[in-house]
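In: below is the structure, and that's it, no one-letter string:
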Ligand code: BT5
């Protein structure tokens, strides 16, 4: 099942009319007259709206009233709810998909799709970095965003860190939960991973053609079950779920806040303003100041993380010498 923000204009019209009049009952005839659609069409849309998880009270002789919203991340909830200029102005919702990242990658070259958001209720083959597995059952927020940025190729390595900062800010704003940033792009709560970020970049003669940002948030998932299936996988260090900390936030509020935060940061990157992002990332980071270890095929690196460079590289002190780590998985020790 696929819905886009633009292929159901009738349904969206009825829904948003009900939303803006949710203190009163509206008859099928009222809706038909005001919205200039047939009564049969009104009835069909109401039926579909209910199937999508919105609660609509219907009373004989009085009509319909929207009682509550759907918990699904439906595309019109993203386009109508986000206060952004580019990001989230188009959205696609899949009830199930292999990977939103794969889907977004097939759409990323089309200029029309700049800022489009692809959301899935569950992924059957979710991806982490380096082709790893990303567990994506129902209850999480799994989305990818297509961007065609103006910034220089050098900014691509900082972008995932900036995106994780945007997500952490959005979590704090909507749920009042403090999360931490683990280099390079993980978001953690009490040392366990609550969200992961993946960025695929496509280059054309040294310029960024497009960039696909994948975001996975354990919003309301069974952490024990996921942990059981992930034991021993690379970069596994426990799973946290936002719902364990706060049950009152709605997923759509978090997504819309994230899109605003992301766009703010995206515009800063586009205008070359990286200092503030690095400062804020460092403030929220659990890595800086810690002893860390990293095992690569060639060597074992061990030292104290002291900061990040303008390109997002981690600077560590190893035997009093400064070293830059550009990519990889680190362990906090
Ligand atoms: C990431 O990779 O953290 C990037 C995750 C990106 C997922 C999103 S969901 C929407 C979009 N569509 C996709 O197909 N992907 C993106 P990395 O840092 O490499 O971490 C991968 C490791 O995290 C795995 O090897 C596991 O150990 C662990 N892991 C997998 N699923 C997890 C989960 N749900 N919660 C916490 N840890 C998980």
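Out: That came in fine, so what should we check first? Just so you know, these numbers come straight off a predicted model, no measurement behind them.
In: quick one, what contacts the nearest residue to residue 114 once chain neighbours are set aside?
Out: Nearest residue to residue 114 in three dimensions, chain neighbours excluded: residue 148, at 4.5 Å (Cβ to Cβ, 6 or more residues apart in numbering). Using the backbone N, CA and C atoms, a C-beta is placed for each residue, glycine as well. Residues near residue 148 by Cβ atoms under 8 Å, 6 or more residues apart in numbering: 108, 111, 114, 208, 209, 210, 211.
In: quick check: residues of the chain near the ligand?
Out: Within reach of the ligand by Cβ under 6 Å from any ligand atom, the chain has these residues: 99-101, 123, 126-130, 132-136, 142-144, 193, 196-198, 214-216, 218, 226, 230, 233-236, 239.
In: please pick the buried ones from these.
Out: 99-101, 123, 126-129, 132, 134-136, 142-144, 193, 196-198, 214-216, 218, 226, 230, 235, 239 (16 or more other Cβ atoms under 10 Å).
In: now, which of the residues of the chain next to the ligand lie within strands?
Out: Residues of those located in strands (DSSP state E): 123, 142, 143, 144, 193, 196, 197, 198, 214, 215, 216.
In: output the residues you listed as a markdown table; include the columns pLDDT.
Out: Below are these laid out as a markdown table (pLDDT from 0 to 100):
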| residue | pLDDT |
| --- | --- |
| 123 | 98 |
| 142 | 98 |
| 143 | 98 |
| 144 | 98 |
| 193 | 98 |
| 196 | 98 |
| 197 | 98 |
| 198 | 97 |
| 214 | 98 |
| 215 | 98 |
| 216 | 98 |
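In: residues contacting the residue in the chain positioned nearest to the ligand?
Out: In the chain, the residue that lies nearest the ligand is residue 196 (2.1 Å; Cβ to the nearest ligand atom). Applying Cβ under 8 Å, 6+ apart, we find residue 196 in contact with 128, 129, 134, 185, 186, 187, 215, 216.
In: count of residues packed around the residue lying closest to residue 6 once chain neighbours are set aside?
Out: Spatial nearest neighbour of residue 6, chain neighbours left out: residue 90 (7.0 Å); criterion: Cβ to Cβ, 6+ apart. By the other Cβ atoms under 10 Å criterion, the neighbourhood of residue 90 contains 21 residues.
In: same check on residue 320?
Out: 6.
In: which pLDDT value goes with it?
Out: On pLDDT, residue 320 comes in at 91.
In: okay, now the domains of this protein?
Out: 2-68, 75-284, 291-332 (automatic domain parsing).
In: from those domains, which stretch is densest packed?
Out: Burial of the domains of the chain is given as mean neighbour count (mean count of other Cβ atoms under 10 Å); domain 75-284 ranks first at a mean of 19.
In: what's the span of it from first residue to last?
Out: 31 Å (Cα to Cα, to the nearest Å).
In: got it, and stretch 285-303?
Out: Start-to-end, stretch 285-303 (Cα to Cα) is 16 Å.
In: what's the answer for stretch 175-192, then?
Out: 17 Å.
In: ok, stretch 49-66 next?
Out: 10 Å.
In: avg pLDDT for it?
Out: On average, stretch 49-66 scores 96.
In: pull the distance from it to the chain's centre.
Out: 30 Å (Cα atoms, centre = their mean, to the nearest Å).
In: mind listing residues that contact it?
Out: With Cβ under 8 Å, 6+ apart, stretch 49-66 has contacts from 11, 14-15, 18-19, 22-28, 30-31, 46, 67-72, 74.
In: quick one, helices of the stretch 101-250 of the chain?
Out: With DSSP state H, counting those that start in this stretch applied, the stretch 101-250 of the chain shows helices at 159-175, 223-230, listed in chain order.
In: mind putting those helices in TSV, mean pLDDT included?
Out: Below are those laid out as TSV (pLDDT from 0 to 100):
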stretch	mean pLDDT
helix 159-175	97
helix 223-230	96
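In: what's the closest of these to residue 256?
Out: helix 159-175 (8.5 Å; Cβ to Cβ).
In: starting at the chain centroid, how far to that closest one?
Out: 9 Å.
In: about what we covered before: by mean pLDDT, show me the worst of the domains of the chain.
Out: domain 291-332 (a mean of 93).
In: gap between the two ends of that one?
Out: 6 Å.
In: on that earlier part again, right, and the residue nearest to residue 6 touches residue 82 too?
Out: No - using Cβ atoms under 8 Å, residue 90 is not in contact with residue 82; the gap is 10.9 Å.
In: circling back to that earlier point, tell me which of the contacts of stretch 49-66 fall in helices.
Out: Judged by DSSP state H, helices contain the following of the contacts of stretch 49-66: 11, 14, 15, 18, 19, 28, 30, 31, 46.
In: which one among those residues gets closest to residue 175?
Out: residue 19 (23.3 Å).
In: okay, and the beta partners of residue 118?
Out: residue 92, residue 144 (DSSP bridges).
In: show me what contacts it?
Out: By Cβ under 8 Å, 6+ apart, the neighbours of residue 118 are 91, 92, 94, 100, 103, 104, 107, 143, 144, 145, 146.
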